[in-house]
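Undergrad: any chance you could fold what I've pasted below:
(2 chains)
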Protein chains: 2
Amino acid sequence: MSAVLVEALREAAAEIEDTLDTLLPPEEGPEAKLAAAMRYATLGGGKRMRGFLVLESAKPFGVARASALRVAAAIEMLHAYSLVHDDLPAMDNDDLRRGKPTTHIAFGEATAILAGDALQAHAFAILADEDTHSDSAVRIELVRRLAIASGPRGMCGGQMLDMLAEESNEPPTEASIGRLQLLKTGKLIEFSAEAGAILGKAPSQQRHALCAYGRDLGAAFQIADDVLDATATAAETGKATGKDADAGKATLVGLLGLDRARSQAERLVAQAREHLDSLGERADLLRMLADYTIDRRS
Amino acid sequence: MSAVLVEALREAAAEIEDTLDTLLPPEEGPEAKLAAAMRYATLGGGKRMRGFLVLESAKPFGVARASALRVAAAIEMLHAYSLVHDDLPAMDNDDLRRGKPTTHIAFGEATAILAGDALQAHAFAILADEDTHSDSAVRIELVRRLAIASGPRGMCGGQMLDMLAEESNEPPTEASIGRLQLLKTGKLIEFSAEAGAILGKAPSQQRHALCAYGRDLGAAFQIADDVLDATATAAETGKATGKDADAGKATLVGLLGLDRARSQAERLVAQAREHLDSLGERADLLRMLADYTIDRRS
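TA: Below is the predicted model of the structure:
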């Protein structure tokens, strides 16, 4: 990974962490345990790739850093809620996440369900607050897009497909896996790359370009994740690996094999980069991020 | 209950049901099971008191019926999600709701968690859509208030307090129970009564009056609910009764006894009615609703 990207990711992650720390409710009052679980689930980990996408997609349009950071934090809260719920015993039943016990292990199942619910609401509250942007038309567009990306035709729909695929006796197809992954993780990544353009009231051609970049990046990222699951160790990724194969989970790696899955991810990365052409060098970090997606080891 | 109110509630519930049916995702495509669970959890039951509050608080300000109905439906979806999650085995572990099996009994626990999550996102998506109101400032204010009312300092915070109260060895106080109920159910009822004023861009004095009405109504409603739990039968209410006492749950009925709890509810209803003075006879149904709150048997 390029040293420039390493430094930019590190700096963005630190800023997003500070913003999350400020925006998450304090551990105060009789309901402090809920705030503690929300903070545990959100702070202190993760690559913050979604938040980084917001910051970098905002840069070409001169968006105030504080605005972009609030949106980045809201998306990271939404993402954190989805992980808390995905890890629950009734769902994927994971004990380990980012190298530490999952939220329901640390706080109990009921509090984990509730912390996820509260993180979702809090993410929308942050987007809706006028501190995020002075123009209400911008704020409502962010809310609308996040709600769609995470709802029944987005992330939740994808999680449903994932659960059904595991129960199903029918073999998955490239199309069914693609749709599952587009909904489950792709829509939120797509929105993250679009959010900066919304904040910056970008021309629609550039907004669509960032959207398309996010879609291809998300698809490449998911394939790379499956490749990592099949090839890396838990020590490298900080979470259990080899789980997909153990669970008989439908992935493109399982369907196409490692080599063809890798070359498909490479094609997607090349395509993602092309969408950025009209943004010139202001999008260099987004290009580097696309390359990194398939080079990473964690 | 007055015949006028009976008819108005019945009519509103039917309109809200139709609106929900239109706005909920159709049971189509490979993820149809998620839509089915969302529809099961939301359609075909409930008094729709929150939705009715939206419709009636909108009337004095000449809000288009279609706008008020969309907001009513969004709040009912939010409420439905909270019931689905509250009923889960890790939470209240309820098998029966509105006289039928709870969502996790009918669809499995994982799908119930997911349907709740998707209902929350969908509620925000509906508020954010321009069909709800042409003015983005109105839409974002609805989103902001709903997110706060349902988040860590609202409904989710109240549910946390409820869980902690059940584990605690300290005896509850009137203040601690009041705060629990204000957060757990009060904030959403308060917002429901405020929503029509937001939609109608009402003067802030009237918006605050409706807010205060909703707060007192919500408090009275909760006490009445606890009184019902202690006195009514499951056949009357369509859900398990006597559960609070069995669970050693902290309620004002347990703390004050039935008679004093009843008279406190009556004081709250009188106070709720007073807040409506400036709205004149356009608020007559809201007055009748306040009276009904403590007279109902289900």
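Undergrad: show me where the stretch 51-200 of chain A has its helices.
TA: Secondary structure of the stretch 51-200 of chain A by DSSP state H, counting those that start in this stretch: the helices cover A:65-86, A:103-107, A:109-128, A:136-150, A:155-167, A:174-181, A:187-199.
Undergrad: could you dump those to TSV with mean neighbour count and mean pLDDT?
TA: Backbone N, C-alpha and C define where each C-beta goes, glycine included. Output for the helices of the stretch 51-200 of chain A, formatted as TSV (neighbours: other C-beta atoms under 10 Å in any protein chain shown; pLDDT from 0 to 100):
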stretch	mean neighbour count	mean pLDDT
helix A:65-86	25	98
helix A:103-107	21	98
helix A:109-128	27	98
helix A:136-150	24	98
helix A:155-167	22	94
helix A:174-181	18	92
helix A:187-199	27	98
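Undergrad: TSV for the ones you listed, including distance to chain B?
TA: Output for the helices of the stretch 51-200 of chain A, formatted as TSV (distance: least, C-beta to the nearest C-beta, whole Å):
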stretch	distance to chain B
helix A:65-86	6
helix A:103-107	8
helix A:109-128	3
helix A:136-150	4
helix A:155-167	4
helix A:174-181	7
helix A:187-199	11
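Undergrad: spatially, and excluding backbone neighbours, which residue is closest to the residue nearest to the spatial centre of chain A.
TA: Per C-alpha atoms, centre = their mean, the C-alpha nearest to the average position across chain A is that of A:Arg50, at 4.7 Å. Of all residues not flanking A:Arg50 in the chain, A:Ser192 sits nearest, at 4.2 Å (C-beta to C-beta, 6 or more residues apart in numbering or on different chains).
Undergrad: can you tell me how far the one you found sits from A:Ala219?
TA: As for A:Ser192, its distance to A:Ala219 is 14 Å (criterion: C-beta to C-beta, to the nearest Å).
Undergrad: thinking again about what came up before, the residue nearest to the centre of chain A contacts A:Met77, correct?
TA: No: contact criterion C-beta atoms under 8 Å: A:Arg50 and A:Met77 do not qualify, at 10.3 Å.
Undergrad: circling back: residues contacting the residue nearest to A:Arg50?
TA: Counting by C-beta atoms under 8 Å, 6 or more residues apart in numbering or on different chains, A:Ser192 touches A:49-51, A:53-54, A:57, A:72, A:75, A:214.
Undergrad: next one: A:Gly108
TA: A:Gly108 makes contact with B:Ala90, according to C-beta under 8 Å, 6+ apart.
Undergrad: hang on, the earlier thing: as JSON lines, the contacts of A:Ser192 with distance to A:Asp291 would be great.
TA: Formatted as JSON lines, those follow (distance: C-beta to C-beta, whole Å):
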{"residue": "A:Met49", "distance to A:Asp291": "13"}
{"residue": "A:Arg50", "distance to A:Asp291": "18"}
{"residue": "A:Gly51", "distance to A:Asp291": "19"}
{"residue": "A:Leu53", "distance to A:Asp291": "14"}
{"residue": "A:Val54", "distance to A:Asp291": "19"}
{"residue": "A:Ser57", "distance to A:Asp291": "17"}
{"residue": "A:Ala72", "distance to A:Asp291": "21"}
{"residue": "A:Ile75", "distance to A:Asp291": "22"}
{"residue": "A:Gly214", "distance to A:Asp291": "15"}
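Undergrad: between the residues you listed, which is nearest chain B?
TA: Distance to chain B across the contacts of A:Ser192 (C-beta to the nearest C-beta) is lowest for A:Ile75, with 13.2 Å.
Undergrad: burial count for A:Val4?
TA: As a burial measure, A:Val4 scores 11 neighbours (other C-beta atoms under 10 Å in any protein chain shown).
Undergrad: once you drop chain neighbours, what's closest to it?
TA: Per C-beta to C-beta, 6+ apart, closest to A:Val4 is A:Met288, 6.8 Å.
Undergrad: that neighbour looks like it's in a helix, true?
TA: Yes: the assignment for A:Met288 (DSSP: H, G, I helix; E, B strand; the rest coil) places it in a helix.
Undergrad: what's the pLDDT at it?
TA: You'll see A:Met288 listed with a pLDDT of 96.
Undergrad: my guess is it meets A:Val6, correct?
TA: No: applying C-beta under 8 Å as the test, A:Met288 and A:Val6 come out as separate, 9.5 Å apart.
Undergrad: the more surrounded of these two?
TA: Between A:Met288 and A:Val6, A:Met288 has the larger neighbour count (other C-beta under 10 Å), namely 19 against 12.
Undergrad: please tell me how far that one sits from A:Ala232.
TA: For A:Met288, the distance to A:Ala232 equals 21 Å [C-beta to C-beta].
Undergrad: kindly report the same for A:Glu27.
TA: Per C-beta to C-beta, A:Glu27 is found 35 Å from A:Ala232.
Undergrad: leaving out sequence neighbours, find the closest residue to A:Ala272.
TA: Nearest residue to A:Ala272 in three dimensions, chain neighbours excluded: A:Asp216, at 3.7 Å (C-beta to C-beta, 6+ apart).
Undergrad: packing partners for the helix or strand encompassing A:Val6?
TA: Counting by DSSP states H and E, the element that carries A:Val6 is helix A:3-23. Contacts defined by 3 or more C-beta pairs under 8 Å, 6 or more residues apart in numbering or on different chains; DSSP states H and E place helix A:3-23 against helix A:49-58, helix A:65-86, helix A:284-295.
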